[in-house]
Every structure is written in C-alpha cells, then in structure tokens.
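Enquirer: sharing a sequence plus its predicted fold:
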2 protein chains.
Amino acid sequence: MKGERTRQSILERAVDLASLEGLEGLTIGRLADELGLSKSGLFAHFGSKEELQLATVEAASQRYIAEIFRPALQAPRGYPRLIAICDAWLAYIKRGVFPGGCFFAAASFEFDSRPGAVRDFIRRLMNDWIGALERAIRMAQDEGHLERDVDPAQLAFELNSLFFGANFAYHLRNDEQALEKADRAVRARLEAVRVAAPAAGAR
Amino acid sequence: MKGERTRQSILERAVDLASLEGLEGLTIGRLADELGLSKSGLFAHFGSKEELQLATVEAASQRYIAEIFRPALQAPRGYPRLIAICDAWLAYIKRGVFPGGCFFAAASFEFDSRPGAVRDFIRRLMNDWIGALERAIRMAQDEGHLERDVDPAQLAFELNSLFFGANFAYHLRNDEQALEKADRAVRARLEAVRVAAPAAGAR
DNA sequence: GACGAAAACGAACGTTCGTACTAATTTGAC
DNA sequence: GTCAAATTAGTACGAACGTTCGTTTTCGTC
C-alpha cells in the first residue's frame, strides 16, 4: 500500500512540527506545504483534524518507545534498569529526539485543560508512562536492590518531575547544566534508597 | 481614566482564558465576546496580538506576585521563608489561582520553541523566579539554617521541578495526592540539608 | 450644558483555518 | 495492457483569525 507509506511520512513530519508548534498549532495547510502535498490529499488520510492529532500523538509515542523506552528495557531488571530508564530519558532530551523538546511534556501542558479525545489519549499515555516507572521501581525492590519502604508512586512522581524540570530548564531557560542537575538529583535520590550490594562472596 | 480600568478587566479575563487555552489559543474575538466588547474596541487597547499576549503575561505575573510570592516573603528570612515559598506554591495550585493550572508552566512549555518577544519575556520572568528561589536558599544558608555545601542553583532546580511535576500530576493526571507527594518530597529534601536548630539555651 | 478628547463600535479587509465535494491520476492484481 | 480501486489534486465553502478605518458614543473639564 502506498497510502500507508505516505501516512507514515506525514506523521513523521507532524510529530516534529507539533513538538515545535503544539498540537493545536499543527496546521493541515502548513503540514501539506512542507511535504509538497495538497491540503485535501493530506486531509483524506485522516478525515478530521482531531484524528490527525490523535495519530500524531500515537506516532510520537511509538517513536518514544522505540528510541528510549525499549532500549532501556535491555538493562537487567532491578536497579540497573531503573537507572537505565533515567539515563535514557535525559539522553533523549540531549539527543533532541523531538526538535521542540519532550513531546509529551508539551502536549500534557497544552491539553491539561482541553477536554476531548486528544486529552484523554494523552492522559492514558502519561498514566502508562508513570505506571511503567512505578513498575521498574517495584521490580528493583523485588530484586532486593531498593528499600522496601519506598513508595513507588512517590518515587515515580519525583523522578518524572525531575525529567520535566530538566526539559523546562534546558529548553526554555537554556540552562546548559540542566541535564547534569537532573542527573545529580536522580542519582542522589536513588542512591539514598539503594540497598547496598552484598560484598563479593558475602552471601 | 476609564481606559485603564477597562484594560485591567480585559487582562483579568485574558489571564484566565490563556491559562485554559494557551497564549496562542487566546483569541481577540472570543475575549471580546466574553466581555461584551467589540473586537475593534478591545483591540485598540493593545494594537497587536503580540502586545496583548505580553500584557497578559505581565498581568499573570502580577497576580502571581501579589497572591503567592509577596505573602510568602512575610515569613522570617531563612528556613521559614523557604518553606513558606514552597507551601505557598503548592497552595497556589490547590486554590486554583489560575483556572488552567500554573500559568507560567503552561506558557513556558508553549513558548519554549517559539522565538519572539513573548518567549523572551517569559524566559526573563522564569529566570527571575528561579533566581528568587536561589536567593531564598542562599539566605537560609546565611542564617545558618541550611548546610553551606548545598548548591543553591541545584536545589532551586529540584524544588521547581517538583512544583511543575505537581502541577502536571494534579491537572492532567487528576492525581489527587499530587500535592501531598510534592509536599513530602520538598520537606524530605529540605530536612535532609537543614542545620539542626540549637537546643534552647544551648547557645 | 458645551466642547475636545478618549474610548468603543461596526463594517470590512485579506488570509487562513478545517472541511466537503468532485475530478484526475496513480497503483497493484490479473 | 486493462481495469477497478486506492490515492492525490483541485476547487469551493463558511467561519474565524488579526487588523484597519471611519463613525459614534461616552467621558472629564471648563
């Protein structure tokens, strides 16, 4: 199918554009122009602006999963994987996977007061993401790497806050050290609740 | 002057609207409708959309300073004032000072990739805000309430991240405990670097 | 109460938005 | 190579956008 290929290339560009201009600022005419398509031809792939926005969010999610989350899951479960996720997140900002910074942070703040299907979808994705963080934390506890009395929801909240804060400081404030600051904070927070690895042969 | 009064009432509404729809989603026609003004009559007060946006950001800043920041400065300098600022921030979200959540978090993410006067102004305000946080931290050190080896920029980054993270979790994820989580994290972080108050009469 | 200034209005501008149709082209299977 | 189906282009629409302009209303001062 040719259509599917076109659709994908449209979405690639739509994700980049939306990360810069916002999902509402993403415009069918402009998107068509940039791709050398006609407005109507592009429009036919989605049927409505809202469908285009939903597809764009979905595409961004897939890019995120493919480029950040899945690779981090390669790390051995427990503390190493938790750290790998955090490292991957900060590297994701540094690498500029989305030209306008974290797509989901931007979309979250754009749609947090805009009821509708797009908001619902973003909310679901963000709940999934926080849930994945909590799961990684719980795993680290199960592996005996993290103290048992740590509340996964609390820690996930804090880690995610540092990520968003890093994105904010890096992109809006042009704070070059934002990522280092976030890294320092993440590591300090995790080290503080880490269960010391048993000395070699001490088991 | 009647004009000044009208201008203020326009901006009051503009701030609320922009916190819900974004500064770009803020529209002159809609704003005029809601206030029972004509589009052209409203427009005349600002001369351009960008000027309206700038004035709206300025008005939001004044509301923030009047309702959150200035009151917190009443607390005695040092640790109490630092805590007061943090408390005031979380209460500010809970109170719903802006209907769409923190105006500045939203504006920051909306404009972090949109060059222009509005972005520059937001950046300046956010730098001022972080600067104020750093100053409060430094004061707490000077008063001997906080450990000397704490980097004010680092700690301010972390506190601000928790604030933004709370706003995100509270508004997009509808996490009722978001503010408590943030409060817990803030207090834990600050307590950890607090210099224990000398016992009564121990001086 | 008259008068000049300030403020608000109403209509229109050109542009762009999202969307709806129909016509032309391209594609892939036979 | 043919033909139906899938895909793109073209054109048009009503609404809303920011902005301009000339007129009318309201205000503050004497």
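Expert: Yes, it's here. Numbering: from 1, shown residues only, chains lettered A, B, ... in the order given.

Enquirer: tell me where the model's unsure across chain A.
Expert: For chain A, the stretches with pLDDT under 70 are A:3, A:198-203.

Enquirer: what helix or strand does the residue of it found nearest DNA strand C sit in?
Expert: Closest to DNA strand C within chain A is A:Gly29: 2.8 Å, counting by C-beta to the nearest atom of the strand. Where C-beta positions appear, they are placed from N, C-alpha and C, glycine not excepted. Assigned by DSSP states H and E, A:Gly29 falls within helix A:28-35.

Enquirer: chain center to the helix or strand that comes right after that helix: distance?
Expert: Next helix or strand after helix A:28-35 toward the C-terminus (DSSP H and E): helix A:39-43. In this view, helix A:39-43 has its centroid 29 Å away from the chain centroid, taken as C-alpha atoms, centre = their mean, to the nearest Å.

Enquirer: check what contacts helix A:39-43 and list those residues.
Expert: A:Ile10, A:Ile28, A:Gly29, A:Leu31, A:Ala32, A:Leu35 (C-beta atoms under 8 Å, 6 or more residues apart in numbering or on different chains).

Enquirer: next one: the residue nearest to A:Ile130 when sequence neighbours are not counted from B:Arg173, what distance?
Expert: Excluding its sequence neighbours, the residue lying closest to A:Ile130 (C-beta to C-beta, 6 or more residues apart in numbering or on different chains) is A:Ala156, at 5.4 Å. Note on A:Ala156: its distance to B:Arg173, by C-beta to C-beta, to the nearest Å, is 11 Å.

Enquirer: what is in contact with these two at once?
Expert: Listed as contacting both A:Ala156 and B:Arg173 by C-beta under 8 Å, 6+ apart are A:Ile130.

Enquirer: residues in chain A within reach of DNA strand C, list them.
Expert: Within chain A, the residues that sit near DNA strand C (C-beta under 7 Å from any atom of the strand) are A:1-2, A:26-30, A:39-40, A:43-44, A:47-50.

Enquirer: could you rerun that using 10 Å?
Expert: Proximity of chain A to DNA strand C, by C-beta under 10 Å from any atom of the strand, involves residues A:1-6, A:21, A:23-33, A:38-44, A:46-53.

Enquirer: more crowded one of A:Ala156 and B:Arg173?
Expert: Under the neighbour definition other C-beta atoms under 10 Å in any protein chain shown, A:Ala156 and B:Arg173 were set side by side, and A:Ala156 has more, 22 against 17.
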